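Participant: Fold the following and give me the result.
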Amino acid sequence: NYSFPSGYAGMDALLSSGRSLPQAVVCANDKMAIGAITRCREAGIRVPDDLIVTGFDDSVLAQIHQPGLTTVRRSEIHCGHMAYELARDAVQTGAHPQPQAIYGEVLFSGSCGCPEAEKMNVSDLRDRLMDKIFRTETETYFIKTLMAEVTSLNNFSDFLSVFDNYTRRLNLGDVFINLCGDAEQYRHEIENDANGIGAGRDLSVYAATSTMVLGYLDGRQLEPVIFNTADIIPPQYTSSDQGRFWFVFPLHHRDHCFGSIVFGNKREVFQTQTMNLFALAVCNSLETILEYDRKTSLMNKLDKLRQEDPLTHIYNRAGAAQHWPELIRYAKEKKLFPAAIFMDIDDLKGVNDRYTHEEGDRYITAVSEVIRSCCGPHDIAVRFGGDEFIIYTAVAESEAVEKQITAIRTTLEAYNKAHPSGY
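Facilitator: Numbering: from 1, shown residues only. From the prediction side, this is the model:
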């Protein structure tokens, strides 16, 4: 994987194989070459006397390593221009791009037995190393504190606050955090999940639209906006007098796609792990928030089932007991008197026997709708038993209760005239 450990492990495998040493080992990059040389040094193998090792990249590491590392300098600017021209020609003419040879420049040095290449000025080398150490230590500190902070996030407002803060502290430059869908769609998916009916779309892929929830471009913070996901970033932010390139990191957890984080014009994407770790922190926090919202939605659903009559969707006894104290507090605050209206349905058993239990259920539901329509904002409508209902209320005088009873009777009569049923 182009790292120090992979070069070390590759050389270790070669030395453990029992085969005689080759004349040279050519590594895919400078880091792997240095890892291989480190293993050789541990095994008492001298580079270049016993074995030649070369790298590729012409990194700073190749210049400061002892012995100096023979490597290849590649022209990234030339590669970029060539890639652009091939893509442009393919778009304009439809021609299929042909493979192109890209020639690097070999830089011979001590690891192949050649004279050492000219070394970097010691003062400049120290400055560059100290600058790199400072940036690495600073970024590592911020990433560590970010990782610790995201473990306690459980709402989206805190998520935006934390990542806005660390986006600026880490000096990430142009960055867009884009999440699938919008807030309403997210709430709908969470509710559907709690109800066991699925999200309504394939959560393993991107939604058709995304919301840029946090964005910075050219040093200014951007307003959230909804855009077509296929555009990668909102189109209004892609126009520029200068060309830009974007690095897209998918945000996902297992089979759940959250969206993407897009970095712009940042060479550090290749050179450090900071942006990878930042994207990982975003994923971890989104996963935590998602699980918290799912559990909260499920708990609310369970609490509703515990308090609500499933047929009529008004409170049951447990719901009445839960909300009765609120009514008492309201009555004391407004200096009102608590009151209760008891009702039951006439001949429910006869309706069940003559018209089936389904019709009996419709009977109960119709009565509950009438009762609900006659309740005030602070009243508690309860299905107390099979055919028994109660309204808990708070009134200033007893006449108010009589008026409410009259309203219920009047509404029932109107309902019966509009919906004749034979009972």
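Participant: who touches Ile314 in this structure?
Facilitator: Glu308, Ser368, Ile371, Arg372, Ala381, Val382, Arg383 (C-beta atoms under 8 Å, 6 or more residues apart in numbering). All C-beta atoms are positioned from the backbone trio N, CA, C, and that covers glycine.
Participant: redo that, cut-off 7 Å
Facilitator: Ser368, Arg372, Ala381, Val382, Arg383 (C-beta atoms under 7 Å, 6 or more residues apart in numbering).
Participant: OK, contacts around the last one?
Facilitator: Applying C-beta under 7 Å, 6+ apart to Arg383 gives the contacts Asp309, Thr312, Ile314, Asn316, Ser368, Phe389.
Participant: average pLDDT for the helix or strand in which the fifth one is found?
Facilitator: Applying DSSP states H and E as the criterion places Ser368 in helix 357-373. Helix 357-373 shows a mean pLDDT of 94.
Participant: chain center to that helix: distance?
Facilitator: 44 Å (C-alpha atoms, centre = their mean, to the nearest Å).
Participant: List the buried residues of it.
Facilitator: For helix 357-373, a neighbour-count test (16 or more other C-beta atoms under 10 Å) marks Gly360, Arg362, Tyr363, Ile364, Ala366, Val367, Ser368, Val370, Ile371 as buried.
Participant: Go through those and name the one nearest Asn192.
Facilitator: Ser368 (26.1 Å; C-beta to C-beta).
Participant: Quick check: chain neighbours aside, which residue is closest to that closest one?
Facilitator: The shortest distance from Ser368 to any non-neighbouring residue, by C-beta to C-beta, 6 or more residues apart in numbering, is to Thr312 (3.6 Å).
Participant: just the CA coordinates of stretch 384-401, formatted as CSV?
Facilitator: Provided in CSV are the C-alpha atoms of stretch 384-401 (Å, rounded to 0.1, in the frame of the first residue of the first chain):
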residue,chain,number,x,y,z
PHE,A,384,-61.0,4.0,29.6
GLY,A,385,-62.3,0.5,28.7
GLY,A,386,-64.0,-1.4,25.9
ASP,A,387,-67.0,1.0,25.5
GLU,A,388,-66.1,3.6,28.2
PHE,A,389,-64.6,7.0,27.6
ILE,A,390,-63.6,9.9,29.8
ILE,A,391,-62.7,13.5,29.2
TYR,A,392,-60.5,15.1,31.9
THR,A,393,-60.8,18.9,31.7
ALA,A,394,-60.3,22.0,33.8
VAL,A,395,-63.1,24.6,34.1
ALA,A,396,-63.8,27.9,35.9
GLU,A,397,-67.4,26.8,36.7
SER,A,398,-69.6,23.7,36.5
GLU,A,399,-71.7,25.2,33.7
ALA,A,400,-68.7,24.8,31.4
VAL,A,401,-69.0,21.0,31.9
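Participant: May I see the buried residues of it?
Facilitator: Phe384, Asp387, Phe389, Ile390, Ile391, Tyr392, Thr393, Ala394, Val395, Ala400, Val401.
Participant: Could you list the residues in contact with it?
Facilitator: Counting by C-beta under 7 Å, 6+ apart, 317, 320, 324, 327, 330-331, 336-345, 348, 367, 371, 375-376, 378-383, 404 sit against stretch 384-401.
Participant: Among these, which are located in helices?
Facilitator: Among those, the members found in helices (DSSP state H) are Arg317, Ala320, Trp324, Leu327, Tyr330, Ala331, Leu348, Val367, Ile371, Gln404.
Participant: Would you agree the fourth one is in contact with His378?
Facilitator: The reference is to Leu327. Yes - contact criterion C-beta atoms under 7 Å: Leu327 and His378 qualify, at 6.3 Å.
Participant: got the CA coordinates for stretch 277-295 in PDB?
Facilitator: Taking Å, rounded to 0.1, in the frame of the first residue of the first chain, the C-alpha atoms of stretch 277-295 are listed here in PDB:
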ATOM      1  CA  LEU A 277      -9.000  11.200   9.300                       C
ATOM      2  CA  PHE A 278     -11.300  14.300   9.100                       C
ATOM      3  CA  ALA A 279     -13.600  12.400   6.700                       C
ATOM      4  CA  LEU A 280     -13.500   9.400   9.100                       C
ATOM      5  CA  ALA A 281     -14.500  11.700  12.000                       C
ATOM      6  CA  VAL A 282     -17.400  13.000   9.900                       C
ATOM      7  CA  CYS A 283     -18.500   9.400   9.200                       C
ATOM      8  CA  ASN A 284     -18.200   8.400  12.800                       C
ATOM      9  CA  SER A 285     -20.300  11.300  14.100                       C
ATOM     10  CA  LEU A 286     -23.000  10.800  11.400                       C
ATOM     11  CA  GLU A 287     -23.200   7.200  12.400                       C
ATOM     12  CA  THR A 288     -23.600   8.200  16.100                       C
ATOM     13  CA  ILE A 289     -26.300  10.700  15.300                       C
ATOM     14  CA  LEU A 290     -28.100   8.300  13.100                       C
ATOM     15  CA  GLU A 291     -28.100   5.600  15.800                       C
ATOM     16  CA  TYR A 292     -29.200   8.100  18.400                       C
ATOM     17  CA  ASP A 293     -32.100   9.400  16.200                       C
ATOM     18  CA  ARG A 294     -33.200   5.800  15.400                       C
ATOM     19  CA  LYS A 295     -33.200   4.800  19.100                       C
END
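Participant: chain center to the longest helix along the chain: distance?
Facilitator: Across the chain, the longest stretch assigned as helix under DSSP H is helix 274-307. Helix 274-307 sits 9 Å away from the centroid of its parent chain (C-alpha atoms, centre = their mean).
Participant: Likewise for stretch 41-54?
Facilitator: Distance, centroid of stretch 41-54 to centroid of chain: 47 Å (C-alpha atoms, centre = their mean).
Participant: List the contacts of it.
Facilitator: Contacts for stretch 41-54 (C-beta under 7 Å, 6+ apart): 15, 21, 23-27, 33, 36-37, 40, 67, 70-71, 110-113.
Participant: Now do the buried residues in that stretch.
Facilitator: Ile45, Val47, Pro48, Leu51, Ile52, Val53, Thr54.
Participant: same question, stretch 61-72
Facilitator: Leu61, Ala62, Gln63, His65, Pro67, Gly68, Leu69, Thr70, Thr71, Val72.
Participant: Which pLDDT value belongs to Val351?
Facilitator: On the pLDDT scale, Val351 gets 91.
Participant: can you list the weak-confidence ranges in this structure?
Facilitator: 117-122, 239-243, 265-271 (pLDDT under 70).
Participant: who's the closest residue to Leu203 other than its chain neighbours bridged to?
Facilitator: Once flanking residues are discounted, Leu203 sits nearest to His256: 5.1 Å by C-beta to C-beta, 6+ apart. Per DSSP bridges, the residues bridged to His256 are His253.
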